[in-house]
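# I'd like to go over a predicted model; first the sequence, then the structure.
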Amino acid sequence: MTACLKSHSVGATLVLTISNPEHRNALGPEMYAAGVEAINAADSNPEVRSVVLTGEGAHFCAGGNLQRLLGNRQQPPQVQADSIEGLHSWIEAVRSFSKPVVAAVEGACAGAGFSLALASDFLVAANNSVFVMAYANVALSPDGGGSWSLARNLPRATALQLLMLGERIGAERLQQLGLVNRVTPAGAALDEALALCEQLNAKAPNTLTSIKELVNAAPEQTLSQHLRDERDHFVRNLHHANGGEGIAAFLEKRPARYR
């Protein structure tokens, strides 16, 4: 079976499914390119208000295909560099995407799969899911922004423990550490992710875009810079049609209808 990225819509949510079940949904260059293309298309489609990333079958993603990586050792180093650039383009597309991205994780979530889940805006995980930064276990170092995400969101000692020791960690522990938003029974992660997207889809899309941009920019900014950005976003959203609708709906005690 050929590895691919499947897509279907549930209401205003685009579901992207990593499909390579024979290899626990291991990733490869064809998947990276499809991911970038799907995210870019969704960004310009007003009918899409959120995206869910999930895996086919019992697992989210086992990371890179070790057989492919072994074969790449016989190729010039640029071959692997180009492959990683493809992965990184997908990671950056997810991070900069103007709409919310929710990862729905079941089973194994390893290596670059873990990095992809961390790049998402929300992470929903089944209580039997297992996360591991497995790179050091096979004498490799991280890619996909995994070390960046963990270093920014965890204490240094905890990030190094996961990255250097390659220890497995469960969904409930990751929730305690603030990396997982919701933990579900096994088999229910996708349904819970879709329910979360329904909540997000009911918000004003321009507001969610502003919030994501502000949160992404905050770590690199001074307070003064960030306050200026907050001001500009606030004024722009106040004068957007959705700003008028939101305030009117609140005052009239009725549900808002955002466009």
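It's in.
# would you mark the buried spots in stretch 137-150?
Using 16 or more other CB atoms under 10 Å as the test for burial, stretch 137-150 gives Pro142, Asp143, Gly144, Gly145, Gly146, Ser147, Ser149, Leu150. Backbone N, C-alpha and C define where each C-beta goes, glycine included.
# the helix or strand of the chain with the lowest mean pLDDT: what's the following helix or strand?
Evaluated with mean pLDDT, DSSP states H and E, the helix-and-strand set of the chain has its lowest mean pLDDT in helix 66-72, which scores a mean of 92. Towards the C-terminus, the helix or strand next in line after helix 66-72, according to DSSP states H and E, is helix 77-96.
# neighbouring contacts of the next helix or strand after that following helix?
From helix 77-96 onward toward the C-terminus, using DSSP H and E, the following helix or strand is strand 101-105. The contact list for strand 101-105 (CB atoms under 8 Å, 6 or more residues apart in numbering) reads 50-55, 60, 94, 116-117, 119-126, 129, 131, 171, 189-190, 192-194, 196-197, 200.
# could you pull out the helices in the stretch 51-200 of the chain for me?
In order along the chain, the stretch 51-200 of the chain carries the following helices (DSSP state H, counting those that start in this stretch): 66-72, 77-96, 112-119, 146-153, 156-165, 171-176, 189-201.
# ok, and the closest non-adjacent residue to the residue most central in space within the chain?
Ranked by distance to the mean C-alpha position of the chain (CA atoms, centre = their mean), the top residue is Ser120 at 1.8 Å. Nearest non-adjacent residue to Ser120, counting by CB to CB, 6 or more residues apart in numbering: Ala103, 4.0 Å away.
# rewinding a little: mind putting the buried residues of stretch 137-150 into a markdown table with distance to Thr13 and pLDDT?
Output for these, formatted as a markdown table (distance: CB to CB, whole Å; pLDDT from 0 to 100):
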| residue | distance to Thr13 | pLDDT |
| --- | --- | --- |
| Pro142 | 30 | 96 |
| Asp143 | 28 | 96 |
| Gly144 | 24 | 97 |
| Gly145 | 24 | 97 |
| Gly146 | 26 | 97 |
| Ser147 | 30 | 98 |
| Ser149 | 23 | 97 |
| Leu150 | 27 | 98 |
